[in-house]
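Asks: take this sequence and fold it.
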Amino acid sequence: MTEANAPTMVGQAAGRGRVTAWGLWDWGSSAFNAVILTFVFSVYLTDTVGDDLPGRISASAWLGWTLGIAGVFVAVTAPISGQRFDASARRKRSLAVLTAATVVAMSLMFFVGDDYHDLWLGLVLLAFGSACFELANVPYNAMLRQVSTPRTVGRVSGFGWAMGYFGGIVLLLICYVGFIAGEGDTRGLLEVPTDNGLNIRLVAVLAAAWFAAFALPVLFAVPELPRAATDSGAGRAGFVGSYRVLWRELRELWRVDRRIVGFLLASAVFRDALAGVFTFGAVLAVRVYDIADADVLLFGIAANVVAALGAIIAGRVDDLIGPKIVIVVSLGAMLICGSVLLLVSGPMMFWVFGLLLTVFVGPAQAAARSFLTRLSPIGREGQVFGLYTTTGRAVSFLAPSLYGSFVWFFDAERAGIAGLLVVLAAGLAVLLPVRSPDLVVGGEAGSATGQSKDAG
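Replies: Prediction:
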């Protein structure tokens, strides 16, 4: 790798090749999000592997608790992982190791057969893969500063979101057409046998290969970030010492602009709820609204399309009226749609209100990134977005834990929706007092506080 000074690596254009290579990781990572965690393997675990699980506790509740445990692990390690990756100048190496661990977990899901005794293997692999995947996003998102400029952060970031959404759509179509569509003992154009869940197990292997293939370009195209000239001490600090460094940096951010800390807390909560919508949407579709397993993929494709389109439109609205209004309206609309879903039944109602709910997920995600970009002090964007990533992961146990707990307490799958709505409402409540960043109208894309006209 060609060495370069750290300042020349951050906030400067890297060329379309590196931007594309960076975005391809998002395209590939959709294999875990869309196929494994949301629309195929998790549904297979709860509706097929664990459908005859003995005892009062359902497979869905176990799924929620398992992902909650994985979230606790991420909560303990994520706040210090980003700063250690940067301090040790091993950002890319960390991305490679964590991606490889996720791919291995996905590959091993092939051995989860249609037997409730295999449910525990499936849950362990899903939890391990989820934790590694969440941690892999820390160095990946930090690379945004290496493949963009202050005027293109929003566009490059949006490109990554779009690649993730549409990568999920393409892979879901391949899985549906090739392995899942149809009836009988064989499925899809490849006529894969359904005996012992073979078609779904092969989908997990395909998803692993997909992720591995599209994760490679960023590891070759984007150079490793050299050690920074300033040393915060994170590279030499132990586990406890790393938290002291983190606390010192948070106090400094508090002195610079308290809105940054307030928004980090608010976004951490509501982004976990947004993730929960996609994580448990497919499970609810099958077990509550009687949507066929094969049709869940079609809903997943539609949900990704409307979320992507919503994010594109919201980016323009964001520049006109500001990101906070976009986020507040999006979260409010999702609360309304989720409340309606608590009351209605049947596939048609889920299609209507489920898609109405997901159309606001993309705008909330895109505007959240824009909000923080506009607040970030000049030269501190990488640090702020690292905290954005780590704080989000730190509370990633909330939505799955409340989902599982509500299902268990009320002894009803539908009650899980209420658990997600509680987290969503909490995020909105924390966000409301945070003052919106000032919009930059005309002129150069920047201000004394590091605001960017192109953000979002």
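Asks: beyond the helix or strand that contains Ala207, next helix or strand please.
Replies: Assigned by DSSP states H and E, Ala207 falls within helix 198-221. Downstream of helix 198-221, the first helix or strand assigned by DSSP H and E is helix 239-256.
Asks: for that next one, name the packing helices and strands.
Replies: helix 59-87, helix 258-287, helix 381-394 (3 or more CB pairs under 8 Å, 6 or more residues apart in numbering; DSSP states H and E). Yep, even glycine has a C-beta here, placed from its N, CA and C like the rest.
Asks: now Ile174: how far from Ala105?
Replies: As judged by CB to CB, to the nearest Å, Ile174 and Ala105 stand 21 Å apart.
Asks: where does Gly412 land in three-state SS?
Replies: Careful, residue 412 is Ala and not Gly. coil (DSSP: H, G, I helix; E, B strand; the rest coil).
Asks: what count of nearby residues applies to it?
Replies: 14 (other CB atoms under 10 Å).
Asks: again with the one 10 residues further on
Replies: Val422 has 16 neighbouring residues, counting by other CB under 10 Å.
Asks: if we can go back for a sec, nearest to Leu190 among the helices and strands packed on helix 239-256 would be which one?
Replies: helix 258-287 (22.1 Å; CB to CB).
Asks: next, format the helices and strands packed on helix 239-256 as TSV and append mean pLDDT, distance to Thr38 and mean neighbour count.
Replies: Shown next, in TSV, are the helices and strands packed on helix 239-256 (pLDDT from 0 to 100; distance: least, CB to CB, whole Å; neighbours: other CB atoms under 10 Å):
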stretch	mean pLDDT	distance to Thr38	mean neighbour count
helix 59-87	80	12	22
helix 258-287	87	5	23
helix 381-394	69	18	23
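Asks: can I get those helices in JSON lines including distance to Ala136?
Replies: Shown next, in JSON lines, are these (distance: least, CB to CB, whole Å):
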{"stretch": "helix 59-87", "distance to Ala136": "10"}
{"stretch": "helix 258-287", "distance to Ala136": "15"}
{"stretch": "helix 381-394", "distance to Ala136": "10"}
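Asks: of all these, which one comes closest to Trp22?
Replies: That would be, of the helices and strands packed on helix 239-256 and by CB to CB, helix 381-394, which comes in at 14.0 Å.
Asks: so which other helices or strands are in contact with the helix holding Ala207?
Replies: helix 16-30, helix 41-44, helix 91-108, helix 153-175, strand 192-193.
Asks: okay, the angle between that helix and helix 91-108?
Replies: 170 degrees (axes from the mean of the first three to the mean of the last three CA atoms, to 10 degrees).
Asks: flag every buried residue along helix 198-221.
Replies: Buried positions in helix 198-221, judged by neighbour count with 16 or more other CB atoms under 10 Å: 198-204, 206-208, 210-212, 214-215, 217-218, 221.
Asks: using CSV, list the CA coordinates for it.
Replies: Output in CSV follows, covering the C-alpha atoms of helix 198-221 (Å, rounded to 0.1, in the frame of the first residue of the first chain):
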residue,chain,number,x,y,z
LEU,A,198,-32.2,-27.9,2.0
ASN,A,199,-33.4,-25.0,-0.2
ILE,A,200,-33.2,-22.5,2.6
ARG,A,201,-29.8,-23.8,3.8
LEU,A,202,-28.4,-23.4,0.3
VAL,A,203,-29.7,-19.9,0.3
ALA,A,204,-27.6,-19.2,3.4
VAL,A,205,-24.5,-20.5,1.6
LEU,A,206,-25.3,-18.3,-1.5
ALA,A,207,-25.7,-15.3,0.8
ALA,A,208,-22.3,-16.0,2.3
ALA,A,209,-20.6,-16.2,-1.1
TRP,A,210,-22.4,-13.0,-2.2
PHE,A,211,-21.1,-11.1,0.8
ALA,A,212,-17.6,-12.4,0.5
ALA,A,213,-17.4,-11.6,-3.2
PHE,A,214,-18.6,-8.0,-3.0
ALA,A,215,-16.6,-7.3,0.2
LEU,A,216,-13.3,-7.8,-1.5
PRO,A,217,-13.1,-4.7,-3.7
VAL,A,218,-12.9,-2.2,-0.8
LEU,A,219,-10.1,-4.2,0.8
PHE,A,220,-8.0,-3.8,-2.4
ALA,A,221,-9.1,-0.3,-3.6
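Asks: let me see the contact set for the residue nearest to the spatial centre of the chain.
Replies: Closest residue to the average C-alpha location of the chain: Ala275 at 5.9 Å, with CA atoms, centre = their mean. Each residue near Ala275 by CB atoms under 8 Å, 6 or more residues apart in numbering is listed here: Ser396, Ala399.
Asks: at 10 Å instead, please
Replies: Residues near Ala275 by CB atoms under 10 Å, 6 or more residues apart in numbering: 33, 37-38, 67, 71, 134, 361, 365, 392, 396, 398-400, 420, 423.
Asks: Arg56 touches Phe409, doesn't it?
Replies: No. Counting by CB atoms under 10 Å, Arg56 stays clear of Phe409, with 11.8 Å between them.
Asks: which of the two has more neighbours?
Replies: Neighbour tally, Arg56 and Phe409, criterion other CB under 10 Å: the higher count belongs to Phe409, 11 against 8.
Asks: residues near the residue nearest to Asn33 when sequence neighbours are not counted, how many?
Replies: Of all residues not flanking Asn33 in the chain, Gly168 sits nearest, at 6.4 Å (CB to CB, 6 or more residues apart in numbering). For Gly168, the neighbour count with other CB under 10 Å is 29.
Asks: quick one on the thing from earlier: of Ile174 and Ala105, who's got more company?
Replies: For Ile174 versus Ala105, neighbours defined as other CB under 10 Å are more numerous around Ala105 (23 against 16).
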